[in-house]
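Student: Got a predicted model here, sequence first, then my questions.
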Amino acid sequence: MNWLLAPLQFTFMQTGLLAALLVGVTCAVLGVYVVLRRMAFIGDALAHTALPGVVVAYLYGWNLFVGALVAGLLTALGIGWISRRATVREDTAIGVLFTAMFALGILMLSGMRSFRDFTHILFGNILGVTRADLLLISAMCALVLLVLALFHKELELTSFDPLHAQVMGLNPDLVRYGLLALLALMVVTGLKVAGVVLTSALLVTPAAAAALLTNRLPRMMAIAALLAACSASVGLYASYYFSVAAGSAIVLTCALLFGTAWLYRSLWQAGAAR
């Protein structure tokens with residue numbers, strides 16, 4: 001048991017593990033709706049579009065989290081507004097705003113007289129999470145999970161049958177805006193832990209693996225959360241013992257679990273076909 005407890009004697013490992021568990025589990029639960037609605041690309045887009053908000057916040061001495069959150073929310077609402085009438089497909093709207101906002105962030109960076117290293121935004125710094133960061137992450141994750149619980153029926157119905165939801169008096173567009181806002185909030189929260197490059201994987205991979213194992217929504221959420229928690233723990237311990245990047249180790253563990261789920265599903269289907 002010493003190998004299991006030894007890393008936890010360090011405060012940075014304790015806070016890092018708690019942050020990874022919070023972000024991973026919340027992203028996995030939210031990611032189920034992302035997978036069901038075929039919005040996998042949006043997590044990556046929102047993560048990248050946070051860059052100009054971070055740069056603006058840095059230039060004016062504001063909180064970087066607030067800057068990233070504002071940019072993410074504006075992008076999410078912009079995607080929803082552009083694609084609301086199906087005149088422009090959602091993936092097209094994502095591609096346009098994603099590239100435009102990211103290019104704007106790069107342009108602003110290139111014009112800065114003093115350069116600050118923003119690699120932590122790209123790749124995350126989970127072992128640098130402070131107690132203040134952990135409190136903020138906890139609050140944001142609790143808020144997202146609370147909203148998902150309160151509007152579970154609306155999200156479920158509009159995800160599977162938006163036309164039926166509209167007949168029942170629900171507004172699928174309004175629910176979609178709310179989901180996009182939650183995605184933006186969670187992506188920005190995850191930047192500190194996993195960074196721009198890796199946050200989108202936490203939204204998609206555990207949920208995609210869970211979707212291979214069950215088609216019942218509550219069970220899918222539970223399995224996705226369990227896979228995310230396992231990935232966070234295994235990835236963080238791997239980073240400690242093998243001196244590798246924690247965020248990358250977590251996401252690669254997610255990918256390994258997805259591969260295992262896919263193999264199990266393939267073997268099960270092959271056995272059922274005989």
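Tutor: Thanks, I have it.

Student: Which of the three states applies to the residue nearest the centre of the chain?
Tutor: In the chain, the C-alpha nearest the mean C-alpha coordinate belongs to Leu203, at 3.9 Å (Cα atoms, centre = their mean). Assigned by DSSP: H, G, I helix; E, B strand; the rest coil, the conformation of Leu203 is helix.

Student: my read: it touches Gly31, true?
Tutor: Yes: counting by Cβ atoms under 8 Å, Leu203 does reach Gly31; the two are 4.1 Å apart. C-betas here are computed from N, CA, C, even on glycine.

Student: got any ranges where this structure has weak pLDDT?
Tutor: Where the chain drops to pLDDT under 70, the residues are 85-87, 111-124, 192-194, 196-198, 273-274.

Student: mind listing the helices for it?
Tutor: 2-5, 11-36, 40-59, 64-82, 90-110, 119-123, 131-150, 152-160, 162-167, 172-213, 217-242, 246-273 (DSSP state H).

Student: Any idea how many residues pack against the closest residue in space to Ala232 that isn't next to it in sequence?
Tutor: Closest residue in space to Ala232, ignoring its immediate chain neighbours: Ala20 at 3.7 Å, by Cβ to Cβ, 6 or more residues apart in numbering. Look at Ala20: counted by other Cβ atoms under 10 Å, it has 28 neighbours.

Student: gap between Ala20 and Asn125?
Tutor: 12 Å (Cβ to Cβ, to the nearest Å).

Student: Kindly report the same for Thr189.
Tutor: The spacing between Thr189 and Asn125, counted by Cβ to Cβ, is 14 Å.

Student: Now for His152: which residues touch it?
Tutor: For His152, the contact set (Cβ atoms under 8 Å, 6 or more residues apart in numbering) is empty.

Student: Can you tell me how far it is from Ala165?
Tutor: 13 Å.

Student: Kindly report the same for Glu154.
Tutor: Counting by Cβ to Cβ - Glu154 and Ala165 are separated by 7 Å.

Student: Show me whatever sits in contact with both of the two.
Tutor: In contact with both Glu154 and Ala165: Val175, using Cβ under 8 Å, 6+ apart.

Student: circling back: quick check, the residue nearest to Ala232 in contact with Ile250.
Tutor: Yes: applying Cβ under 8 Å, one finds Ala20 in contact with Ile250, separated by 6.3 Å.

Student: who touches both of those two?
Tutor: Common neighbours of Ala20 and Ile250 (Cβ under 8 Å, 6+ apart) are Ile126, Ala232, Gly235, Leu236.

Student: Please indicate which of those has the highest neighbour count?
Tutor: Top of these by neighbour count (other Cβ under 10 Å): Ala232, with 31 neighbours.

Student: now that one: how far from Leu213?
Tutor: Here Ala232 is placed at a distance of 19 Å from Leu213 (Cβ to Cβ).

Student: contacting residues around the residue lying closest to Thr205 once chain neighbours are set aside?
Tutor: With sequence-adjacent residues excluded and distances taken as Cβ to Cβ, 6+ apart, Thr205 is closest to Cys254, at 4.1 Å. When contacts are counted by Cβ under 8 Å, 6+ apart, Cys254 touches Ala201, Leu202, Thr205, Pro206, Ala209, Leu227, Ala228, Ser231, Gly235.

Student: Spatially nearest residue to the last one, not counting backbone neighbours?
Tutor: Excluding the flanking residues, the one nearest Gly235 by Cβ to Cβ, 6+ apart is Ile250, at 3.1 Å.
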